[in-house]
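Participant: curious how this folds, go ahead:
(one chain, ligands or ions: 1)
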Amino acid sequence: MSGETQPQHHWQGVLSSALDAVGHTPLVRLQRIAKEEGLNCNLLGKCEFFSAGGSVKDRIANRMVEQAEKKGVLIPGQSIIIEPTSKLDLALPLFCPSAHKCINLGGNTGIGLALACAIKGYQCIITLPAKMSLEKEVMLRALGAEIVRTPTEAAWDSSESHIGVARKLQKSIPGGVILDQYSNPHNPLAHYYGTYEEIMHSLKTSDLPRKDISLLVAGAGTGGTITGLGRAIRDYEASLPHTNGNSASHGRTTIIAVDPEGSILGGGEPGNYQVEGIGYDFFPEVLDPNPPVVDKWLKTNDEEAFDATKRLIRKEGLFVGGSSGSALSGTLRYLHSEEGKHIAEDPNANVVVILPDGVRNYMSKSWFLETSKLPTGENMEEKEDIKSTIRGILGRDLNDVMSVVDSKREKGEKLENGD
Ligand code: PMP
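Facilitator: Purely as a prediction, here's the structure:
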């Protein structure tokens, strides 16, 4: 890792721009969930929604821009960054009968790039299919990006898809640059140097008895996060003297990648799923899916992912998005398995789960709005009790505003300030 500027970890003094607030995210104990699950290990969440642009992709956007500037590929005042970004998973079976032609991009890289462009003064064009989540589009527009909508139906390799249109624009617009997170080595390197160092710094400066990672779990989309972190961990282990990666103070880290049912990365057939940002129906170039980098793949489904997401919000107060729930549900399944039991039972073991983005991106999604099902660990009776107490006091249902208005009207009373 020589030759790299180490991340500063702490926000000291005054930052020169929001880009200095990219990364440096906190590692937070998930104590209440660990207790509910009967885990003795230290269950820790790396909370990426604290990053300036709101996701794990901010670091890669920043690094890809910085490195392209260094190489002279991006020239301030002249270059225009073009990013095809999208979310097609919902549309997959409907619009992509040939599943291998579908593509599932998170949109968070677009936000990270648009943020860097806003601050550095580059123009930014984002091409995205008509179906892409409104929240992400609104963020991109607010950052000044030009949005070009493309037909959702277009297969990813057609000239009318968001990728086809981005390529067409790049060819025709002087100074147009596509940084391409799928093949750009600075995607995993942003995690190798950034995310990994941050985690180690958090552990080293903590009061936890051990400062190493026993288990690392991350969802995989492009695979940049798991690959960068996995390589950094293995390089560190290889650098330890006489240990083969094992010593009293540092055991070999188990590294688990999580992808959804319906993605082929961890095996299985392509299909439909709602969790955004993880899983693909092709293997991105930057992903290193095999040991020693990734020891194991776990598949998760939407139901368990969204349940775990709501649990993270409800029990830990962490406003995370759906792929965080995928990572947590995979982690819990592993820790309860025969294979993971020794980690779950070890009070000195540190389990690090990457929580890639925040619920800001998904506020209008039905899985988030739906209230009929409480997350695991939530007590329905307790909720009903407090509701009936409130009902008893007010003499009406909690949301029944109309009965208040009607009764006032009937009595000829006004409903005004000071009422
Ligand atoms: N979760 C979300 C919400 C994402 O946007 C992404 C990026 N696609 C990931 C997880 C996975 O990150 P990576 O691309 O580094 O595998």
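
Participant: OK, contacts around residue 187?
Facilitator: Listed by CB atoms under 8 Å, 6 or more residues apart in numbering, the contact set of residue 187 reads 60, 63-64, 181, 222, 224, 228, 286. Where you see a C-beta, it was placed from the backbone N, CA and C, and this is true even at glycine.

Participant: how far away is it from the ligand?
Facilitator: Applying CB to the nearest ligand atom, to the nearest Å, the value for residue 187 to the ligand is 7 Å.

Participant: quick check: that residue is in a helix.
Facilitator: Yes. Looking at residue 187 with DSSP: H, G, I helix; E, B strand; the rest coil, it is inside a helix.

Participant: for the nearest residue to it once chain neighbours are set aside, grab the count of nearby residues.
Facilitator: With sequence-adjacent residues excluded and distances taken as CB to CB, 6 or more residues apart in numbering, residue 187 is closest to residue 224, at 3.7 Å. Using other CB atoms under 10 Å, residue 224 is surrounded by 30 other residues.

Participant: next one: the one 10 residues further on
Facilitator: For residue 234, the neighbour count with other CB under 10 Å is 17.

Participant: let me know the secondary structure of it.
Facilitator: Here residue 234 is helix, with the state taken from three-state DSSP.

Participant: within reach of the ligand, which of the contacts of residue 187 are there?
Facilitator: Residues of the contacts of residue 187 in contact with the ligand (CB under 6 Å from any ligand atom): 222, 224.

Participant: can you lay out the contacts of residue 187 as JSON lines showing secondary structure?
Facilitator: Output for the contacts of residue 187, formatted as JSON lines (three-state DSSP):
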{"residue": "60", "secondary structure": "helix"}
{"residue": "63", "secondary structure": "helix"}
{"residue": "64", "secondary structure": "helix"}
{"residue": "181", "secondary structure": "coil"}
{"residue": "222", "secondary structure": "coil"}
{"residue": "224", "secondary structure": "helix"}
{"residue": "228", "secondary structure": "helix"}
{"residue": "286", "secondary structure": "coil"}
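
Participant: JSON lines please, covering the contacts of residue 187 and showing distance to residue 28 and pLDDT.
Facilitator: JSON lines is the format used below for the contacts of residue 187 (distance: CB to CB, whole Å; pLDDT from 0 to 100):
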{"residue": "60", "distance to residue 28": "22", "pLDDT": "98"}
{"residue": "63", "distance to residue 28": "24", "pLDDT": "98"}
{"residue": "64", "distance to residue 28": "27", "pLDDT": "97"}
{"residue": "181", "distance to residue 28": "27", "pLDDT": "93"}
{"residue": "222", "distance to residue 28": "25", "pLDDT": "94"}
{"residue": "224", "distance to residue 28": "22", "pLDDT": "98"}
{"residue": "228", "distance to residue 28": "21", "pLDDT": "98"}
{"residue": "286", "distance to residue 28": "27", "pLDDT": "97"}
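
Participant: interface residues of the stretch 201-350 of the chain facing the ligand?
Facilitator: Within the stretch 201-350 of the chain, the residues that sit near the ligand (CB under 6 Å from any ligand atom) are 219-225, 276-278, 321, 323.
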